[in-house]
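Undergrad: need the 3D shape of this:
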Amino acid sequence: MTVKIAPSILAADFAHLGAEAAAAERAGADWLHLDVMDGHFVPNLTFGPPVIQSLRSHTKLPFDVHLMVTNPHDLLEDYVDAGADHITFHVEAQTDTVATLQDIRNYGKKAGLSLRPATPADTLQNFMPYLDLILVMSVEPGFGGQAFEEEILHKITEIRDMADQQDHPIEIVVDGGVKPENAQKIIEAGATTLVAGSSIFKSDNYTTAIEALRDE
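TA: Numbers count the residues shown, from 1 in each chain. Down below sits the predicted model:
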């Protein structure tokens, strides 16, 4: 199975986001990753539904929306209407996790949970039947450009093993410091999708950067 690559628009040129999204698609990206931060669940602010909606006409890539917000359930309809294809929120958020996952699926979207680096893998156990994807953070959410934490590799494998025991496929997505130098180790640990920001959007050639992440 070929690993999927999801460029993170957070690292793109914000003055030309539409062009950057289209360029990522031409370069061979599989998804476009969109980090939403509310300034409360994490300290930074990024963007919300209007920006995502404005990008929708610039690319046909699936929109992989990562909600780093305190109240994900309250915001679902806004992000569905904006064009999200996948909606992932944090298992640490104060929400009815099962109800939120079910509602995402009821909207016809893929539902995901994300974990901070310090959150144990087994926190996901009771939610596995409701998940289409799991986003494993290898850095603390809220800031781009951080270095990959090697100790996360065993956690990826643990989550992959949990996913393989389910009767439906679950994507294992890894985000944080993903680069060509560590991509193969992350894939071998069990990742099926790599989120990469700086290593793609700060490169001189997006196609080459994406191929380097896939290179085995």
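
Undergrad: what about S199, which SS state?
TA: helix (DSSP: H, G, I helix; E, B strand; the rest coil).

Undergrad: could you check how far it is from I210?
TA: Applying C-beta to C-beta, to the nearest Å, the value for S199 to I210 is 9 Å. Glycine gets a C-beta too; all of them are placed from N, C-alpha and C.

Undergrad: what's the answer for L34, then?
TA: Distance from L34 to I210, by C-beta to C-beta: 17 Å.

Undergrad: with G83 instead?
TA: Noted for G83: a distance of 22 Å to I210, by C-beta to C-beta.

Undergrad: compare the two and say which one has the larger neighbour count.
TA: Neighbours of G83 and I210, each counted by other C-beta atoms under 10 Å, are more numerous for I210; the result is 22 against 17.

Undergrad: biggest helix in the protein by residues?
TA: Looking across the chain with DSSP state H, the single longest helix is helix 152-164.

Undergrad: which helices and strands does it pack with?
TA: Secondary-structure packing of helix 152-164 (3 or more C-beta pairs under 8 Å, 6 or more residues apart in numbering; DSSP states H and E): strand 133-137, strand 171-175, helix 180-189.

Undergrad: output the below-cut-off pLDDT ranges for this structure.
TA: Along the chain, segments meeting pLDDT under 70 span 1, 142-146, 216.

Undergrad: at 90 what do you get?
TA: Along the chain, the model assigns pLDDT under 90 to residues 1, 94, 139-151, 176-177, 215-216.

Undergrad: quick one: the strands in it?
TA: 4-7, 32-37, 63-68, 86-90, 110-115, 133-137, 171-175, 193-196 (DSSP state E).

Undergrad: burial measure for the closest residue to D103 other than its chain neighbours, as a count.
TA: Here the nearest residue to D103 in space, its sequence neighbours aside, is L76; by C-beta to C-beta, 6 or more residues apart in numbering that works out to 5.8 Å. For L76, the count of nearby residues is 20 (other C-beta under 10 Å).

Undergrad: ok, L76 - contacts?
TA: Shown in contact with L76 (C-beta atoms under 8 Å, 6 or more residues apart in numbering): 87, 100, 103-104, 107.
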